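> here is my input; please provide its structure:
(2 chains)
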2 protein chains.
Amino acid sequence: MRRILLVVAYDGTNYCGWQLQPNGITIEEILNRELSRLFNEEIKVIGASRTDAGVHAMGNVAVFDTNARIPAQKVAYALNVSMPSDIRIQESYEVESDFHPRHCNSRKVYEYHIYNYNFENPLRRNYCTFIHNKLDIFKMQEAAKFFVGEHDFKSFCNIHTNVKDTIRTIYRIDIDKVGHEIIITIEGNGFLYNMVRIIAGTLIEIGSGFKSVEQASDILMARNRETAGRTAQARGLMLKSIEFIS
Amino acid sequence: MRRILLVVAYDGTNYCGWQLQPNGITIEEILNRELSRLFNEEIKVIGASRTDAGVHAMGNVAVFDTNARIPAQKVAYALNVSMPSDIRIQESYEVESDFHPRHCNSRKVYEYHIYNYNFENPLRRNYCTFIHNKLDIFKMQEAAKFFVGEHDFKSFCNIHTNVKDTIRTIYRIDIDKVGHEIIITIEGNGFLYNMVRIIAGTLIEIGSGFKSVEQASDILMARNRETAGRTAQARGLMLKSIEFIS
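Here you go, the predicted structure:
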């Protein structure tokens, strides 16, 4: 048996997220279906990040096992032929047979996109959240500094999860403006359920003046979801890349 | 009667272009429908640029006449409430009652987007043409220089048109690379049918090495559509802005 890794890019607009679901089509389901068809055996992928409905990715990762003799590098090309146009494999290669993308150290990079202008941009409607009031990027950058480092991010975790350990490390948060689009780039060693979207929502409220810069620190200390901002829309989120650290 | 100008942005993916058609929904049709509903009278817009099916715009222009007393600036906001999410008015203001967006001098800016990488980007699939072989941007930039200025662009005009005067002026062609995306920006005083897409298609063939840089000049001189490259896909084209010159 060989274990093959896929780097998967997708437009999440028309999917109910990554993970298999009884009602609604998911990325995992499409990958299992197309891989099973390609290899003529039942294949089940293991995903690195189970993104929510509407969330996009350029660099999500999945692994699967097969006895087939097709060169690992060719799998990306072969799969893309039959894949729907909103999913495209970016890379494929062989990994150690015990490599598990959720049970090893990694650095993940997410981008959160905000279209900040008087009027919506129809070309970016599925890839940005739209905020019409002018955001103060400097305030957002100042507030973001409180989140960098190892912290208990319980305030930034969806309450409908039973995770025990809410300590994570954020390596950097960059906030840039390109045209009318604000891009929040967050790199960390792991993220709690909805963590990036709650951080983005909180930064949007700070940039709007509804919360102060200093409140960012209070919210982090409170370890209470109710203190943080709203969960920003799924459409603005994109999993950019995952780097595995041995 | 007042004449009101609209700056119209749209994702052209799901439309049969700008102009009214018996079979298939168009941008013009949606604007007429929504304006007539808003003003409770029959309204017909006059468009500046009749873009093709699949072509996008951030700054197309339409004008219409009305006796209604709504402030012109409010029309954009009022229209956007009921408009489908892939069309968004960006601006509205009153113009002279004899202003006609196709019968006056203007400078138009188009962008043509190429995603140039081994694998397609699903997030850009509707907004770029995909070219997997690596394009030589320097060659494309050198070739583009031949097209700048006042020339007879007959070689770059779709043959299914009966336009007599094929002389146009291109003010600039910029070719930039952002990540894996190549953006060709063309500014001119007017464009023949498919002219931007045929120029883009020709530059792609030059960047691919299928045509030489010098051939760009020969093609221009030939005044013969058969000498130029293929018409590049509609999805990569976007009408960025129109400036009217009095």
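
> which of the helices or strands spans the most far-flung residue of chain A relative to its centre?
Relative to the mean C-alpha coordinate of chain A, counting by C-alpha atoms, centre = their mean, the farthest residue is residue A:69 (32.1 Å). In the assignment (DSSP states H and E), residue A:69 maps to no helix and no strand.

> just the pLDDT for it.
On pLDDT, residue A:69 comes in at 89.

> ok, now residue A:163?
Note on residue A:163: pLDDT of 89.

> again, but for residue A:176
On the pLDDT scale, residue A:176 gets 98.

> and the spatially closest residue to it that is not a sequence neighbour, how many neighbours?
Closest residue in space to residue A:176, ignoring its immediate chain neighbours: residue A:183 at 5.1 Å, by C-beta to C-beta, 6 or more residues apart in numbering or on different chains. The way it works is simple: take the backbone N, C-alpha and C, and place the C-beta from them, glycine included. By other C-beta atoms under 10 Å in any protein chain shown, 16 other residues sit near residue A:183.

> who does residue A:183 bridge with?
Residues in a beta bridge with residue A:183, per DSSP bridges, are residue A:113, residue A:176.

> what about it, distance to residue B:224?
46 Å (C-beta to C-beta, to the nearest Å).

> same check, this time on residue A:146
To residue B:224, residue A:146 is 65 Å away according to C-beta to C-beta.

> verify the stated contact: the residue nearest to residue A:176 with residue A:113.
Yes - counting by C-beta atoms under 8 Å, residue A:183 touches residue A:113, with 5.7 Å between them.

> checking the closest residue to residue A:160 other than its chain neighbours next. Helix, strand or coil?
Nearest residue to residue A:160, sequence neighbours excluded (C-beta to C-beta, 6+ apart): residue A:193, at 7.6 Å. Following DSSP: H, G, I helix; E, B strand; the rest coil, the label given to residue A:193 is coil.

> is it true that residue A:193 touches residue A:154?
No - Residue A:193 is beyond contact range of residue A:154, at 11.4 Å (criterion: C-beta under 8 Å).

> which residues touch the helix or strand hosting residue A:220?
Using DSSP H and E, residue A:220 falls within helix A:215-222. Residues outside helix A:215-222 that contact it (C-beta atoms under 8 Å, 6 or more residues apart in numbering or on different chains) are A:143-144, A:146-147, A:151-153, A:155-156, A:202-203, A:206, A:211, A:227-228.

> burial measure for the residue lying closest to residue A:61 once chain neighbours are set aside, as a count.
Leaving aside its chain neighbours, residue A:61 sits nearest to residue A:48 (4.0 Å; criterion: C-beta to C-beta, 6+ apart). Other residues within reach of residue A:48, judged by other C-beta under 10 Å, total 24.

> so what's residue A:48 up against?
So, once contact is read as C-beta under 8 Å, 6+ apart, residue A:48 ends up touching A:60, A:61, A:62, A:101, A:102, A:106, A:242.

> parallel or antiparallel, list what pairs with the helix or strand encompassing the first one.
Here residue A:60 sits within strand A:56-66, counting by DSSP H and E. In the sheet, strand A:56-66 lines up against strand A:2-10 (antiparallel), strand A:46-47 (antiparallel), strand A:237-244 (parallel) (DSSP bridges).

> average pLDDT for whichever helix or strand comes after it?
From strand A:56-66 onward toward the C-terminus, using DSSP H and E, the following helix or strand is helix A:72-82. Averaging pLDDT along helix A:72-82 gives 96.

> try stretch A:43-58
Regarding stretch A:43-58, the rounded mean pLDDT is 97.

> ok, now stretch A:216-229?
The pLDDT scores in stretch A:216-229 average 97.

> and what of stretch A:123-140?
98.

> for residue A:156, give me its contacts.
Residues near residue A:156 by C-beta under 8 Å, 6+ apart: A:192, A:194, A:195, A:198, A:199, A:202, A:220, A:225, A:228.

> ok, and the closest non-adjacent residue to it?
Per C-beta to C-beta, 6+ apart, closest to residue A:156 is residue A:198, 4.4 Å.

> so what's the backbone phi/psi at the one you found?
Main-chain torsions, residue A:198, degrees, to the nearest 10: phi -80, psi -40.

> what residues are up against it?
So residue A:198 contacts A:155, A:156, A:157, A:158, A:225, A:228, A:229, A:230, A:231, A:232 (C-beta under 8 Å, 6+ apart).

> and the gap between it and chain B?
For residue A:198, the distance to chain B equals 23 Å [C-beta to the nearest C-beta, to the nearest Å].

> next, the angle helix A:72-82 makes with the strand holding residue A:60.
Per axes from the mean of the first three to the mean of the last three C-alpha atoms, to 10 degrees, the angle that strand A:56-66 makes with helix A:72-82 is 120 degrees.
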